[in-house]
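In: Sequence and computational prediction follow.
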Amino acid sequence: MNVALLHYSVPPVVGGVESVIGHQARLIQAAGHRVRLLAARGAAPGPEIEFRALPLADSRHPRVLAAKAELDAGRVPPDFEALVQEIGAALEEALTGIDVLIAHNVATLHKNLALTAALRRRPAAGGPRLILWHHDLAWTAAQYRAELHPGYPWDLLRTDWPMARHVAVSEPRRQELAQLLGIPSETIAVVPNGVETRVLHKLEPLTEVLVETMGLEAAEPLLLLPVRLTRRKNIEMALRILAALRGAPMPAAMLLVTGPEGPHNPANAEYRQRLLALRAELGLVGAAHFASEHQSSWLPDAVVADFLRLADALLLPSQEEGFGIPLIEAALVRLPVFCSDIPVLRDLGQDDVTYFDLGADPAEIAAMVAARLKSQPAYRFGARARSHYTWQQIYERGIAPLLAAPEGESK
C-alpha cells in the first residue's frame with residue numbers, strides 16, 4: 001500500500017512525535033509498503049521513503065502563527081478560511097495515490113487549526129483511509145485551557161470524525177480521549193510508543209545477526225554463560241538448570257554460551273558433541289544456544305559485551321576457576337550473578353552474588369534463580385518492556401493490523 005504520515009514536522013527535526021513518526025515510517029517501509037512523509041519541516045531519511053514539503057502545515061509558519069495568536073484570544077481571523085482552503089489544496093495534491101493517511105496530533109492539538117480544519121473537510125469517502133494518532137489532547141491539558149474557546153474551529157479538537165480510526169498511545173490516554181469525544185473506549189485502538197533495542201544498546205552488526213538467528217528476543221530470561229566449551233566450566237549443569245527452569249517457573253528461559261571449544265585440549269571436541277546430545281535429550285533445541293554453531297571464530301569482545309548488556313543474569317556453574325572474569329564483567333553492567341560456590345568465586349563475589357552448591361539438584365537451583373529474578377523490579381519491568389515495547393513488536397501487534405483494516409471501516 002501507499003501510506004502517508006502527516007505532522008507539522010518529521011525527522012531530523014527533534015521531538016517525541018517526530019521520533020515516533022521516524023520509527024513508524026521505517027517499519028512500514030520495511031514491511032513492503034511505500035511511505036510518504038507529509039510535513040513542513042524535515043527530510044526523507046533515505047531514497048526508499050518520500051518526503052513532501054507542505055509549508056503551511058507547519059506550527060511555526062508566520063501565517064499560521066499569526067492566525068494562532070488571534071485564535072488563542074478567541075477570535076477567528078478574517079483570512080482563516082483562505083488559509084484552510086490553501087492548505088486543503090496542497091494536502092489534496094500531496095495525497096494523490098495514497099491508500100492510508102496517518103495524521104499525528106492534527107485532530108486533537110491546536111498548533112495549526114487551519115490544518116486541522118483542512119483535514120476535517122476532506123471527503124469521508126473516495127480518499128485514503130484516515131487514522132488519527134493521538135499523542136496529546138489540547139482540551140484536557142491545563143496549560144492550553146486559556147487558548148481554547150467554544151465553537152469552530154476549536155471544537156474540531158473535541159468531536160468525533162466520521163470514517164476515521166482513532167489511535168491513542170496509552171490506556172489512560174484512550175480513556176481520556178473517549179470521554180472527550182463521547183465515544184466508547186473500545187472503538188479506540190491503543191498502540192504504544194517503543195524503543196529500538198539495537199540503538200539503545202549500540203549493538204554490533206554481528207550481535208544483531210546472532211540475536212535474530214537464535215531468536216533471543218523471545219527469551220525470558222536470557223541466561224548468559226560467557227565461557228569456552230571445556231569440561232571444567234560444567235556446561236552440562238547449566239543445561240540441566242535451564243531444562244528445570246523451562247519446565248515450570250520460566251518456560252521462555254534461554255541460555256547462551258558464547259565461547260568456542262577450548263583451544264588446548266583435543267578432547268574438547270568430544271565434549272562439545274556431548275553437550276549437543278544432552279541439549280537434544282533435554283528438549284532444549286531452540287532454547288540453549290552455542291554461539292560457536294553460528295560463528296566459527298571467537299566472538300569479538302564487543303559482541304560479548306553486547307550480550308552482557310542484553311542478558312538477564314550470568315549463570316556460571318564452573319567446577320574450577322583461576323579468577324572469574326565474567327563476575328567482574330557482570331558487576332560492571334549490573335547483571336545478577338548465579339554461580340557455583342567455589343572458593344575463588346566466593347572470594348570475588350563475596351556477599352553480592354548468589355551461590356549454589358555443585359551437588360545441588362538442578363531443579364532447586366532453577367527455583368532459586370526464578371525466585372530471585374522475579375523478586376527484582378528491574379528484571380520484571382525489563383521483561384515487560386522487551387515483550388511489549390520494542391518497535392518491531394509494536395508494528396506487528398498494533399500498526400500492521402491498522403493498515404490491514406478493511407476499506408471503509410469507521411472504528
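Out: Received it, and whenever you're ready, just let me know what you need.

In: okay, CA-based contacts and neighbour counts for the rest of this
Out: Will do.

In: Strands along this protein, start to end?
Out: For the chain, the strands defined by DSSP state E occupy 2-6, 34-39, 49-53, 100-104, 129-134, 164-168, 189-190, 222-225, 254-257, 288-290, 313-316, 337-340, 354-356.

In: Make JSON lines from those strands and add mean pLDDT and distance to residue 268 to it.
Out: Output for these, formatted as JSON lines (pLDDT from 0 to 100; distance: least, CA to CA, whole Å):
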{"stretch": "strand 2-6", "mean pLDDT": "98", "distance to residue 268": "55"}
{"stretch": "strand 34-39", "mean pLDDT": "98", "distance to residue 268": "52"}
{"stretch": "strand 49-53", "mean pLDDT": "97", "distance to residue 268": "51"}
{"stretch": "strand 100-104", "mean pLDDT": "98", "distance to residue 268": "57"}
{"stretch": "strand 129-134", "mean pLDDT": "97", "distance to residue 268": "57"}
{"stretch": "strand 164-168", "mean pLDDT": "97", "distance to residue 268": "56"}
{"stretch": "strand 189-190", "mean pLDDT": "98", "distance to residue 268": "52"}
{"stretch": "strand 222-225", "mean pLDDT": "98", "distance to residue 268": "17"}
{"stretch": "strand 254-257", "mean pLDDT": "98", "distance to residue 268": "15"}
{"stretch": "strand 288-290", "mean pLDDT": "97", "distance to residue 268": "14"}
{"stretch": "strand 313-316", "mean pLDDT": "98", "distance to residue 268": "18"}
{"stretch": "strand 337-340", "mean pLDDT": "98", "distance to residue 268": "21"}
{"stretch": "strand 354-356", "mean pLDDT": "98", "distance to residue 268": "25"}
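
In: Does residue 132 touch residue 104 like I think?
Out: Yes - using CA atoms under 8 Å, residue 132 is in contact with residue 104, at 6.3 Å.

In: re the thing from before, turn the strands of the chain into CSV, including distance to residue 175.
Out: Output for the strands of the chain, formatted as CSV (distance: least, CA to CA, whole Å):
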stretch, distance to residue 175
strand 2-6, 24
strand 34-39, 29
strand 49-53, 33
strand 100-104, 18
strand 129-134, 12
strand 164-168, 9
strand 189-190, 10
strand 222-225, 35
strand 254-257, 38
strand 288-290, 43
strand 313-316, 38
strand 337-340, 42
strand 354-356, 44
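
In: will you turn the ones you listed into a markdown table that also has mean neighbour count?
Out: As requested, the strands of the chain are exported to a markdown table (neighbours: other CA atoms under 10 Å):
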| stretch | mean neighbour count |
| --- | --- |
| strand 2-6 | 22 |
| strand 34-39 | 24 |
| strand 49-53 | 19 |
| strand 100-104 | 23 |
| strand 129-134 | 23 |
| strand 164-168 | 23 |
| strand 189-190 | 20 |
| strand 222-225 | 26 |
| strand 254-257 | 24 |
| strand 288-290 | 22 |
| strand 313-316 | 26 |
| strand 337-340 | 22 |
| strand 354-356 | 19 |
